[in-house]
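> Output the structure for:
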Amino acid sequence: MRCAALEQRLKGSIEIYAKLEFLQETGTFKPRGALSVLLGLNPDQLAAGVTAVSAGNHAIATAFAARKLGTSAKVVMPRHASPVRIQSCRDLGAELVLADDVHSAFSTAERIRDNEGRYLVHPFEGPRTAAGTGTLGLELCDQLDCFDAVIVPVGGGGLCAGIASVVRQLRPQCEIFGVEPTGADSMYRSFLASAPVRLDKVTTIADSLGAPYALPYSFALCKESVKEMVLVTDEELRRAMGMLFQELRIAVEPACAASTAALMGPLAGRFKGRKVVLILCGSNIDWATYASQAHLRLRNVA
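Numbers count the residues shown, from 1 in each chain. As a prediction, the model looks like this:
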């Protein structure tokens with residue numbers, strides 16, 4: 001989608017396009033990776049069922065994929081997860097386990113894997129996940145003849161790893177930028193350290209980007225193909241959420257606004273005369289939470 005309103009807002013000679021992944025089934029890009037993983041399981045693994053851990057979007061996608069392929073899902077989410085996401089998992093038939101925080105959620109999912117024999121569908125790590133998210137990069141190259149840069153929200157890096165790997169092969173001159181919240185900057189720190197880094201805590205309104213660590217496979221793919229990792233604050237995410245509603249009339253979760261926040265913030269002025277693609281990754285948020293987070297100027301909304 002061409003974002004003429006954003007182009008006018010930024011008042012520069014820049015072409016802006018958006019990949020609207022928040023319009024996918026389950027409201028995010030996540031089924032791409034989950035379906036890819038489940039389609040790679042053998043019959044015995046599939047019969048044993050699957051488990052997953054996430055702030056909600058990956059859990060929903062895993063429940064969706066499990067239902068599609070006729071197996072069961074037992075998913076783990078933090079207690080503070082959005083009620084909308086919790087209900088979505090239940091509506092898709094998943095058994096839900098709540099954990100105190102994201103770190104304990106990962107430990108709980110690993111125990112379910114070990115004790116029940118369920119296959120752990122990781123939220124961002126592994127070749128099947130990257131192959132699934134890579135389909136987004138393939139679509140992008142099919143839909144646009146040429147583009148100069150892609151800005152991708154980064155949690156654990158699974159989305160960015162898949163997109164970057166494909167786009168860099170099909171559009172070698174294109175630059176890939178990853179963006180993380182300052183309170184969940186595991187990939188940013190990993191780039192600095194040249195090795196995967198674990199965070200002591202995660203603090204951001206963009207819970208979908210709140211991975212507590214980076215892992216070797218997705219880190220290696222990102223390190224190979226991503227030009228630069230940049231950081232945005234929660235305040236910048238709030239402003240971008242409000243601006244997307246004002247200009248495009250879309251209400252999205254904080255993670256989805258990360259690419260726009262980066263374009264308006266740390267990457268501002270970098271793309272004059274160029275064509276940029278924003279990955280808009282998800283919209284699973286309830287209105288009360290959205291209204292409390294987004295900076296909205298409602299008097300200007302018709």
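> Tell me how far residue 289 lies from residue 80.
To residue 80, residue 289 is 11 Å away according to Cβ to Cβ, to the nearest Å. Quick note: C-beta positions are derived from backbone N, CA and C, even for glycine.
> who has more neighbours, these two?
Comparing residue 289 with residue 80 by neighbour count (other Cβ atoms under 10 Å), the higher total belongs to residue 289, at 15 against 12.
> Quick check: phi and psi at the more buried one.
Listed backbone geometry of residue 289 is phi -70, psi -40, with angles given as degrees, to the nearest 10.
> which ones are touching it?
Under the criterion of Cβ atoms under 8 Å, 6 or more residues apart in numbering, the contact partners of residue 289 comprise residue 82.
> so how far is residue 282 from it?
For residue 289, the distance to residue 282 under the criterion Cβ to Cβ works out to 13 Å.
> How about residue 155?
When distances are taken as Cβ to Cβ, residue 155 and residue 282 turn out to be 10 Å apart.
> With residue 165 instead?
Noted for residue 165: a distance of 21 Å to residue 282, by Cβ to Cβ.
> Am I right that residue 229 sits in a strand?
Yes: with the criterion set as DSSP: H, G, I helix; E, B strand; the rest coil, the secondary structure at residue 229 is a strand.
> Can you name the residues bridging to it?
residue 178 (DSSP bridges).
> Stretch 40-52: end-to-end distance?
Stretch 40-52 has an end-to-end distance of 16 Å (criterion: Cα to Cα, to the nearest Å).
> Show me the strands in this protein, by range?
The residue ranges that make up the strands of the chain, judged by DSSP state E, are 15-20, 50-53, 73-78, 95-99, 119-120, 149-153, 175-181, 228-232, 275-280.
> Buried deepest among those, which one?
The densest packing among the strands of the chain, expressed as mean neighbour count by mean count of other Cβ atoms under 10 Å, is seen in strand 50-53 with a mean of 28.
> any idea where the helices of the chain begin and end?
In the chain, the segments counted as helices under DSSP state H are 4-10, 31-39, 43-48, 57-69, 83-91, 102-116, 127-143, 158-170, 186-193, 216-225, 234-248, 258-264, 287-293.
> I'd like to know which of those is closest to residue 76.
Shortest separation from residue 76 across the helices of the chain is recorded for helix 102-116, at 4.5 Å, computed as Cβ to Cβ.
> angle of that closest one against strand 73-78?
Taking axes from the mean of the first three to the mean of the last three Cα atoms, to 10 degrees, one finds helix 102-116 and strand 73-78 inclined to each other by 160 degrees.
> before we move on, the earlier item: please render the strands of the chain as JSON lines that adds mean pLDDT and distance to residue 160 to the earlier fields.
Putting the strands of the chain into JSON lines (pLDDT from 0 to 100; distance: least, Cβ to Cβ, whole Å) gives the following:
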{"stretch": "strand 15-20", "mean pLDDT": "96", "distance to residue 160": "13"}
{"stretch": "strand 50-53", "mean pLDDT": "96", "distance to residue 160": "19"}
{"stretch": "strand 73-78", "mean pLDDT": "95", "distance to residue 160": "22"}
{"stretch": "strand 95-99", "mean pLDDT": "95", "distance to residue 160": "25"}
{"stretch": "strand 119-120", "mean pLDDT": "98", "distance to residue 160": "21"}
{"stretch": "strand 149-153", "mean pLDDT": "98", "distance to residue 160": "4"}
{"stretch": "strand 175-181", "mean pLDDT": "98", "distance to residue 160": "5"}
{"stretch": "strand 228-232", "mean pLDDT": "98", "distance to residue 160": "9"}
{"stretch": "strand 275-280", "mean pLDDT": "98", "distance to residue 160": "9"}
